[in-house]
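> Any chance you could fold what I've pasted below:
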Amino acid sequence: MKNMSKKEFLEKVFDYSTKNEWEFQSELPILIDFYDEACPPCKAIEPILENASIEYSGRVDFYKVDIKKEEELAKELGIKYMPTLVLCPTNDKPVVMQGVPTKQNLFTAIDKELLGQNESNV
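Down below sits the predicted model:
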């Protein structure tokens, strides 16, 4: 998983500084993990996300945003609880997941929300 800055978010996901309506800007769907280094649930989700990033490599891009380093971005997006996952499909509005999902729940959400499939491969 790659770290994402506010600048990268504006370039790859949505430039909220110039647009009022959601307009996704990348070719592949994106999952963003908003986390805090001091958050135990954020640490607990790391292996699940790492597994997902391998499983969905080439079909979904995975990013992490440290809310301490990117406070302005987290505030702009209304991120208050950790961990928060933002699933950004290419053709619809983003879906927000809070807390630590099971591997099955995360894969099901990726399949449904990001890839438009009704059944997970897990």
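
> Would you agree residue 84 is in contact with residue 95?
No: counting by C-beta atoms under 8 Å, residue 95 is not a contact partner of residue 84; they are 11.2 Å apart. (Each C-beta comes from the backbone N, C-alpha and C, glycine too.)

> Let's verify the residue most central in space within the chain: helix, strand, or coil?
Nearest to the geometric centre of the chain sits residue 32, at 2.0 Å (C-alpha atoms, centre = their mean). Secondary structure for residue 32, judged by DSSP: H, G, I helix; E, B strand; the rest coil, is strand.

> Let me see the contact set for it.
Contact partners of residue 32, counting by C-beta atoms under 8 Å, 6 or more residues apart in numbering, are 4, 9, 13, 62, 63, 64, 65, 85, 86, 88.

> If we use 6 Å, what do you get?
63, 65, 86 (C-beta atoms under 6 Å, 6 or more residues apart in numbering).

> One more: residue 113?
87, 89, 95 are the contacts of residue 113 under C-beta under 6 Å, 6+ apart.

> ok, now with 8 Å
Residue 113 neighbours (C-beta under 8 Å, 6+ apart): 87, 89, 92, 95.

> And for residue 97?
84, 85, 86, 87, 106, 109.

> Among those residues, which one lies nearest to residue 23?
residue 86 (15.3 Å; C-beta to C-beta).

> surely that closest one meets residue 34?
Yes: Residue 86 lies in contact with residue 34 (C-beta under 8 Å); the separation is 6.9 Å.

> SS state for the residue of the chain most remote from its centre?
The outermost residue of the chain relative to its centre, with distances by C-alpha atoms, centre = their mean, is residue 18 at 21.4 Å. Per three-state DSSP, the local secondary structure of residue 18 is coil.

> All set now, cheers.
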